[in-house]
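Participant: Here is a sequence together with a model predicted from it:
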Amino acid sequence: MAGFLLLMPISGNFARYLWWRHTSEPHLQTGSVHSGGADIHYQRYLGRAPAILLLHGGLSHRLSWFSQLPWLVDSGREIVVVDSRGHGHSGLGDSELSYSQLASDVLALMDALHLTKVDIVGWSDGGNTALVLAHRWPERVQRLVAISANYDPSGLTDDAQADAARASNPLTHWLTRWWTDAGPGTGELERRIKRMWLSEPRLTAKDLTAIRCPVLVIVGGRDVIRREHAEAMAQLIPTARLEVMTDGGHSLPVTHPGWINSEIGRFLGVRLP
């Protein structure tokens, strides 16, 4: 749901990220894994287990974690950043998008990297994907942070549903192309992902009740996810708790990085710098 992110100002954290990237020497591996007719790109920063997977939102890409990546990597934990299919350096494939497919992509990546069990931080579509993964393959997820996620399309506000039902104007399309790094495939990616937003995910109350790993549900008071939807999610997942940033929207990792980083750090046991 990058349409709600694109006009946010780039903070000083982005400058700090660029400085970190060019002055630090993390043990970085890059590659791709074939899954469901597409090559899924990843960046892997070697470190201590369990690995932390960062799953970005729809119509963005791996760079959206610029406020989180430096301190997580510097903590010494293994960090894996994924480009969701069609985004960044990952292929889109020929089939319609679904959260089931996105979760299968993550599982294929984990298998290829020999990651038996991981912590996941998922934002928006990344959070939805992580919820599906935790439901279908509970033995592979140790802890889960779901930021601005929804388990059913009804969780979207009326404005968000209306936005998903219409095509972008030229300016928004240009910004989306930049933010997704999807190049000429941006238009097709946007069409498929908006169809997915209007029809998925379809996790039931029974599905959520079956999730057993510790879950931190985070939502903004001005989010495109209804607060009552996030509250219901946290109540249905037996091991979940809810945190609300009252003055925040859908872009919390960008607009409120200090608060988000503190919440992630406490929940995953990662010391802040």
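Facilitator: In hand now; what should we look at? All values derive from a computational prediction rather than experimental measurement. Numbering: from 1, shown residues only.
Participant: For Pro273, the count of nearby residues, please.
Facilitator: A total of 8 residues lie near Pro273 under the criterion other CB atoms under 10 Å. Backbone N, C-alpha and C define where each C-beta goes, glycine included.
Participant: all helices for the chain, in order.
Facilitator: For the chain, helices defined by DSSP state H occupy the ranges 12-23, 69-74, 99-112, 125-136, 158-164, 170-180, 186-199, 205-209, 227-236, 252-255, 257-268.
Participant: what does the first one rub up against?
Facilitator: Contacts to helix 12-23, defined as CB atoms under 8 Å, 6 or more residues apart in numbering, come from residues Phe66, Ser67, Leu69, Pro70, Val254, Pro257.
Participant: rerun at 7 Å
Facilitator: Phe66, Ser67, Leu69, Pro70, Pro257 (CB atoms under 7 Å, 6 or more residues apart in numbering).
Participant: I'd like the distance between the closest residue to the fourth one other than its chain neighbours and Leu28.
Facilitator: Pointing back at Pro70 there. Leaving aside its chain neighbours, Pro70 sits nearest to Trp20 (4.1 Å; criterion: CB to CB, 6 or more residues apart in numbering). Trp20 sits 12 Å away from Leu28 when distances are taken as CB to CB, to the nearest Å.
Participant: So which of the two has more stuff around it?
Facilitator: Trp20 (17 against 14).
Participant: so what's the residue lying closest to Ala234 once chain neighbours are set aside bridging to?
Facilitator: Of all residues not flanking Ala234 in the chain, Leu242 sits nearest, at 3.8 Å (CB to CB, 6+ apart). When assigned by DSSP bridges, Leu242 has beta-bridge partners Val217.
Participant: if I pick Leu242, what's in contact with it?
Facilitator: Val217, Ala230, Glu231, Ala234.
Participant: hey, where'd the strands end up in the stretch 1-150 of the chain?
Facilitator: Using DSSP state E, counting those that start in this stretch, the strands assigned to the stretch 1-150 of the chain run over residues 28-35, 38-45, 48-55, 77-82, 118-123, 141-147.
Participant: okay, the ones you listed in JSON lines with mean pLDDT and distance to Arg16 next?
Facilitator: As requested, the strands of the stretch 1-150 of the chain are exported to JSON lines (pLDDT from 0 to 100; distance: least, CB to CB, whole Å):
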{"stretch": "strand 28-35", "mean pLDDT": "96", "distance to Arg16": "18"}
{"stretch": "strand 38-45", "mean pLDDT": "98", "distance to Arg16": "17"}
{"stretch": "strand 48-55", "mean pLDDT": "97", "distance to Arg16": "17"}
{"stretch": "strand 77-82", "mean pLDDT": "98", "distance to Arg16": "17"}
{"stretch": "strand 118-123", "mean pLDDT": "98", "distance to Arg16": "19"}
{"stretch": "strand 141-147", "mean pLDDT": "98", "distance to Arg16": "21"}
